[in-house]
Structure formats: C-alpha cells, structure tokens
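Asks: Structural data only, the sequence is not supplied:
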C-alpha cells in the first residue's frame, strides 16, 4: 500500500474528493483492491473473483433497460406509519433516513421499459431502503407492476433484494405477500411471463411470496436466498450451517432457481428467455 | 367445570386459587348451594376484572397456554365423520399440519390446520406446530381436491411459525408458502380461516388466505413474534412485552386495522377454562359463516377476495 500514499502526498495531483477511499475499494470476496471506476464499468463485479457488489435499484434499471425507454411509475407513493411504531427507533425516522440515503420515496423502483426491444413492466427492490424490506408501499408498487403488465399485455420482471417483510408495519406487511402473490395467479391466467431475478439477499416474506413464483428464476451468483435467517436456523437446530447454505448455487442444486446469471449476462439472459416465452 | 391444569399464568393465579377452593368445598360437601353460587359469582367477577386488564403480552401467553384447545380438538368436537388425509405425494407426511374431510352440520368440508402437541412426546412429533414445506404442500393438495369436489375449506391457524430448519430450507419453505398464497387467492371454493392460537408470520399466512378471517379473542397474529422482533432490534428477547403492544397483534388491534373480519369470543378466562363452551361458540360461528359463503356466487366471492387483499396496503401519495 506504500505506493498508494506516495501518489497522494508526493505529487499532489489528486483533488480533495479523490481520496484513495473514493478511488479504490477492497473486494469483499477476494480482498483485492479494485479501481472504483473500473469496477463500475464491470457492473460492480470483481474481475478477479467474480464477487457481485451490491448495487441500487437505479443501477439495475440502467443494466436491464434499453437507454431512453424507461418510464417510472408510482413515484409518489410513500410509506405511512400505520402502527405508530416506535421501538429502538421511530419508524418515521427510519423512513426519512432511507429517503435521504437513496433519494427515493420507497424501497421499490418500478416502471415500464424495453429489454433488447421487448416491452416489459419492471420492479426493482433497493436493499439500501430499510434493508429492502417490504412494507405497504413496496407491496403495492410490486402488485401494480403486475397489474400494469396485465393491462399492457407485457411480461413482468421483479428484481428482488430484501430482508423480508417490514416488521414496522406489522401484519400489513405480511398481507403484501398475499396481495403480490394473487396478481401472479392472474398473470398465469393471462398467459403472461413473470421472470423473478433474485439478488443478494432475497429472504423471508419476499422469498415466501412473489420471488419464488416466477415462471423462470434467475439468480445472481453467490446471492443469499432463503426463508429463515441464518441466526434463527442456527438457534433452532443448534449446529453450524454447511458452507454455501442458502446461496444461489445451493438453490440451483436443490431445484429452486432455474439458472444463475452473472450480472454482465443478466440482460441478455432475460431477453433470451423472453424471446422463447413471449416472442410477440 | 374443572379447574384447568397448570402451569398457570401469573395473572390467573388468584382465580385458580378461588376455583380450587370452591372445588374442595364441593368435594367435602360442607357448603350450601347459595354459598357455592356466591363464590362462583365472586370468581366470575374476578375473571372479568382480570380479562378487562389483559395486556397484548398476556394474550400471547394465553394463546400459548398449555391446555388451550388445538386444531384436532375443534375438529373432533365441532365436526363429524372426520377422515384425515396424509402426505403431500411428493416427500412425506408432516404431522405439524393436519388435513382431512369432515362434516359441519350436513356440509362436507376440507379441513387444514397446524397441530401442536399436548405432552413432550406429542409436541416433538408435531414439531410444536411448525410445519415443513411438505406440510404446506399437503394442505395445498387437499385444497385443490376441495376445489375439484366443490367443498369449502376451513383453515385452523395455530403456529409459532413455519419451521426454520436445514431440511425446510433445502426443500423450499419459501416456495411452498408462496405457491399456497398464489393458489389460495384464486381457489374456486369458499375459504374460511380462523386463528385459534398463534398466527406467526408466513407460516400462518401459508394457510391463511381466504374470504373470511376470524380470530379467537385471545389469539395473536402478526408478521413476527415479539421475541424475534426484539432479538432483531436488541439482540435478545428482553423487550418482547413492550413490543407486543407496539406490534398490534391482538384480535382487537387487527379488527381495527381491517385485517380480520370477526372476533370469536372465548369463555371467561380463556378457552382453556371451558373448552366445551368454546367448541359450542366456534361451531355456531363456523356454521353461520360457511352458510353465508355458500350463498355467494363463486365469481363474486373471488372478486371480493381479490379486492380485499388489494386494499390491505396503507400508504400516502405525495
């Protein structure tokens, strides 16, 4: 790391905001130090070990949707605090912090766009918004993605990234599992494809609803996907979990995802599947 | 009515003492009828006073209390001609989920429900009412059979959660529950669900989607148990009592939120004080509810079911 500091203090060409921490990032997978700009060019996938860095909802839209075809929907939907939930933190404050952090009004970004020329309705969860948890707004926006797909007769795609149902909205969050799943039954009746893209992590009530109801399940490599959390399972069975447990590769082996697509191949994979299921 | 077996809950202790005193006096025969009546009156007044002051946490204690009727107790007392159906035709039979054909009045119905055990051995066999994926798949298989033969489905919810185990994850616990939610949303027969004890999270919802959702007075239903919520926020279960109020998990709370349709009153002190009275009350309610659902055209019923869940989200538009 010595050369690093020298470059900074010796020559002094770097402007202040370009601190090493901004320019370089250590890979969580292989500990390799990566150049941030290059990492972004590689869609935030480490070119040494293939580790997929977590990215936000807007980045998935950029990766999946053809330039200039994206029309966001339901951007004005906001969470309320139906239970007046106060625990360690006020729920209202958690929402405000999440809004500040993401610049979005909820944990789901949704809209319509084209994927290699094919029109779709798309919803993307953002893990940075209260752990991607599903409250009323998130459930409603996902249900509306399916309703939009049904109205426009186009495929629906959901990119999941979520710790599960949002406990701060109590049973109302639980009900979002039912309302989103119900729409998928209607997609089936209409003969419309639903592709579920599972990213790191997809857990709890999201796994136990729409994320596991796709015609095709596409997972990002290494993603944690499951129903119960690791801590809960460990405390229940009182033994260590096997390596790779609940990772995308484990689900592929157990038969719950159809295929694993590295992020750079995600868009082409989606387009190929849609080409077979819905060539219209 | 015999005094329910222990362990007793702290807040019911004064009533238990009084009830045991009455029992003793009756046994020895050294008491007049009018004295018995006055003591019974005193006991009831005490029970009313206690139940008026129950906290949300107390309700959870009641919902979990030993001696509370379980699914099969209701099935055997309210229904006739029960034929239990086993297995998911895929992997195995899950004793934590019971399914079967039964008759309510003269109407055949399909029963699905989680089952807890009375003693240690039975509790282990029933996995404490925590179903595995094969349990949810058995319930689904039976519900689809009910659709084929036009039988209404009655679901008894009583679970501390879907089982969080290695095998459950390997066999797709999430997928099993998800498929049930989707299929129950469009199942072309009436579905009546009743939370009789614990209704924890996706494990409860996995057999809980339907046209009418009822809840016994002292049952609880929520997205997560207060202990687990506390563990996530504080790393241990120490805040469970306060959280159980915050989380709005009682029948009254959920009726106010519009999530449940009807509260079924329990005998004074809770279902375990007088199970026979509980069976009678719930039996009458189920007969009434099923008759009402049977009277509605199935397409209208499905439309209403869809609208009900679509309207559950509470949000604002900026």
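Replies: Nice, thanks for sending it over. Quantities reported herein were computed from a predicted structural model and do not represent experimental measurements.

Asks: Check whether residue B:169 really touches residue A:228, as I assumed.
Replies: Yes: look at residue B:169 against residue A:228 with C-beta atoms under 8 Å: they come within range, at 6.6 Å. To be clear about C-beta, it is placed using only N, CA and C from the backbone, and glycine gets the same treatment.

Asks: what about stretch A:143-153 and chain B, touching?
Replies: Yes: contact of stretch A:143-153 with chain B (C-beta under 8 Å from any C-beta of the partner chain) involves residue A:143.

Asks: can you give me how far that stretch is from the chain middle?
Replies: 20 Å (C-alpha atoms, centre = their mean, to the nearest Å).

Asks: Now it: average pLDDT?
Replies: For stretch A:143-153, mean pLDDT rounds to 98.

Asks: can you check stretch B:133-153 too?
Replies: 98.

Asks: Quick check: closest non-adjacent residue to residue 99.
Replies: Reading this off chain A. In this structure, residue A:99 finds its nearest non-sequential neighbour in residue A:105, 6.3 Å apart by C-beta to C-beta, 6 or more residues apart in numbering or on different chains.

Asks: Please refer instead to chain B.
Replies: residue B:142 (4.2 Å).

Asks: now do residue B:82
Replies: residue B:102 (4.4 Å).

Asks: tell me, how many neighbours does residue 204 end up with?
Replies: Went with chain A since none was named. 29 (other C-beta atoms under 10 Å in any protein chain shown).

Asks: You answered for a different chain; I wanted chain B.
Replies: 27.

Asks: Would it be right to say that residue A:198 lies in a strand?
Replies: Yes: membership of residue A:198 in a strand is supported by DSSP: H, G, I helix; E, B strand; the rest coil.

Asks: List the contacts of it.
Replies: If a contact means C-beta atoms under 8 Å, 6 or more residues apart in numbering or on different chains, then residue A:198 has A:160, A:211, A:217-220, A:223, A:225, A:248, A:251, A:257 as its contacts.

Asks: For chain B, tell me which of the residues you listed show up nearby.
Replies: residue A:211.

Asks: Please tell me how far the residue nearest the centre of chain B sits from chain A.
Replies: Closest to where the C-alpha atoms of chain B average out (C-alpha atoms, centre = their mean) is residue B:196, at 2.0 Å. From residue B:196 over to chain A the distance is 17 Å, taken as C-beta to the nearest C-beta, to the nearest Å.

Asks: In which helix or strand does that residue reside?
Replies: strand B:191-200 (DSSP states H and E).

Asks: Quick one: distance of that strand to the chain centre.
Replies: For strand B:191-200, the distance to the chain centre is 4 Å (C-alpha atoms, centre = their mean).

Asks: Note down every partner strand of it and its orientation.
Replies: Counting by DSSP bridges, the strands paired with strand B:191-200 are strand B:153-159 (parallel), strand B:212-216 (parallel), strand B:220-222 (parallel).

Asks: Name the residues of the stretch 1-150 of chain A found near chain B, please.
Replies: A:76-80, A:82-83, A:85-88, A:105, A:136-137, A:139-140, A:143.

Asks: mind running it again at 6 Å?
Replies: Applying C-beta under 6 Å from any C-beta of the partner chain, one finds that the stretch 1-150 of chain A approaches chain B through A:76-78, A:80, A:82-83, A:85, A:87-88, A:136-137, A:139-140.

Asks: Return the subset of those lying in helices.
Replies: With helices taken from DSSP state H, the overlap with these comprises A:136-137, A:139-140.

Asks: Buried members of those into PyMOL, please.
Replies: Buried residues among these (16 or more other C-beta atoms under 10 Å in any protein chain shown), as a PyMOL selection:
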select buried, chain A and resi 136+137+139+140
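
Asks: which residues sit against stretch A:97-107?
Replies: By C-beta atoms under 6 Å, 6 or more residues apart in numbering or on different chains, the residues outside stretch A:97-107 that reach it are A:77-78, A:125-126, A:128-130, A:132, A:137-138.

Asks: mind redoing it with 10 Å?
Replies: For stretch A:97-107, the surrounding residues in contact (C-beta atoms under 10 Å, 6 or more residues apart in numbering or on different chains) are A:56-58, A:72, A:74-79, A:89, A:95, A:109, A:124-138, A:140-141, A:161-162, A:166, B:315-318.

Asks: Got the domain ranges for chain A?
Replies: As recorded under automatic domain parsing, the domains making up chain A are A:1-53, A:54-277.

Asks: Can you say which of those is packed in most?
Replies: Mean neighbour count (mean count of other C-beta atoms under 10 Å in any protein chain shown) peaks for domain A:54-277 among those, with a mean of 21.

Asks: now for it, what's the gap between its first and last residues?
Replies: 29 Å (C-alpha to C-alpha, to the nearest Å).

Asks: now the strands for the chain?
Replies: No chain was given, so I picked chain A. Assigned by DSSP state E, chain A shows strands spanning A:24-26, A:33-35, A:71-73, A:77-79, A:108-115, A:118-125, A:156-162, A:194-202, A:216-219, A:259-260.

Asks: try chain B instead
Replies: B:80-85, B:97-104, B:107-114, B:153-159, B:191-200, B:212-216, B:220-222, B:262-264, B:315-317.
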